[in-house]
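**Student:** Below is the sequence, then the predicted model.
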Amino acid sequence: MHATSDISLTRPEARPLHLAVIAGLACAFLIGKTLPVMLDTLSSMAEPLCAVSDPSGSALDTVEPIGSYALPNVPGKRVTIVRVFYGPGGFTRAHRHAGSVTAYITKGEIRSQLAGGPVEIFKVGQSFFEPPGATHLVSANASNTEPAELIAVFVADEGAQLTTFVE
C-alpha cells in the first residue's frame, strides 16, 4: 500500500475530480462501442473546443470527440472525452488546455513533455495528467512506423476553449 495514494483518495475535495475522471472514461468506452452514429453529431459540436487536429500538427492525425457532459455535482464544469489518433511520426505542436486533462494510452507509445518536466514515453495502459494552463511542449507518437492513440478526458469550465496553441 502506498500512503500517498490512500491520502489523496480520501481527501473530500479530491473525490469529485476522481469520480468525474472515472465516470468520463467509463462513458467514453460505452459510447464509443454502442453509439457510433452519435460521433458525427458530437464531432461537429466539439470540434471548436478540441483544436488539437489543427493542420499545424502532422498529417494523418485526428481528434475524435466521444462525449461532453455537464457535471451536475460541480456547477459550471464539464467533462469532455476525445480520442486522439497519431499516425506514424505524428505530433501536435505545443499547446495548453483550459482545464485539467488526464490522458490514457490505448495504442502504441506517446512521447510527452510538460514545460519544466522531462520528456517521457507512455505505453498502452499508462496515463498522464496535465494541470490547467500547463504548456504541453511535446505530444507525439514515439514511433515512426506504427500508429498511436490516446483517450483524453478534460475537466474544464463550461464553454471554455479546451486547447490553445502556443505561438
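**Tutor:** Nice, thanks for sending it over.
**Student:** drop to CA atoms for contacts and neighbour counts, all remaining ones
**Tutor:** OK.
**Student:** Okay, strands next: where are they in the protein?
**Tutor:** 62-70, 77-86, 91-92, 95-97, 100-107, 109-114, 120-123, 127-130, 135-141, 148-157, 163-165 (DSSP state E).
**Student:** quick check: angle from the first one to strand 148-157?
**Tutor:** Computed with axes from the mean of the first three to the mean of the last three CA atoms, to 10 degrees, the direction of strand 62-70 lies at 30 degrees from that of strand 148-157.
**Student:** name the helices or strands packed onto strand 62-70?
**Tutor:** helix 15-34, helix 38-46, strand 77-86 (3 or more CA pairs under 8 Å, 6 or more residues apart in numbering; DSSP states H and E).
**Student:** In its sheet, which strands sit next to it, and in what direction?
**Tutor:** strand 77-86 (antiparallel) (DSSP bridges).
**Student:** Residues touching the strand it pairs with, excluding its own?
**Tutor:** Residues lying outside strand 77-86 but in contact with it, judged by CA atoms under 8 Å, 6 or more residues apart in numbering, are 20-21, 24-25, 28, 60-71, 140-141, 147-158.
**Student:** Least confident of the helices and strands packed on strand 62-70, on average?
**Tutor:** Here the lowest mean pLDDT among the helices and strands packed on strand 62-70 goes to helix 38-46, at a mean of 40.
**Student:** What is the least confident helix or strand in this protein?
**Tutor:** The element with the least model confidence among the helices and strands of the chain, by mean pLDDT, DSSP states H and E, is helix 38-46, at a mean of 40.
**Student:** For stretch 122-138, give the mean pLDDT please.
**Tutor:** 95.
**Student:** picking up where we left off before, can you tell me which of the contacts of strand 77-86 are buried?
**Tutor:** Among the contacts of strand 77-86, those scoring as buried are 20-21, 24-25, 28, 61-68, 70-71, 140-141, 147-157 (criterion: 16 or more other CA atoms under 10 Å).
**Student:** Just grab the bridge partners of residue 96 for me.
**Tutor:** With DSSP bridges as the criterion, residue 96 is bridged to residue 135, residue 164.
**Student:** Next, work out how far apart it and residue 123 are.
**Tutor:** Here the distance between residue 96 and residue 123 works out to 22 Å (CA to CA, to the nearest Å).
**Student:** same thing with residue 100?
**Tutor:** Applying CA to CA, the value for residue 100 to residue 123 is 21 Å.
**Student:** and residue 124, how many residues sit next to it?
**Tutor:** Residue 124 is flanked by 15 other residues according to other CA atoms under 10 Å.
**Student:** In contact with it, which residues?
**Tutor:** With the criterion set at CA under 8 Å, 6+ apart, residue 124 makes contact with 104-109.
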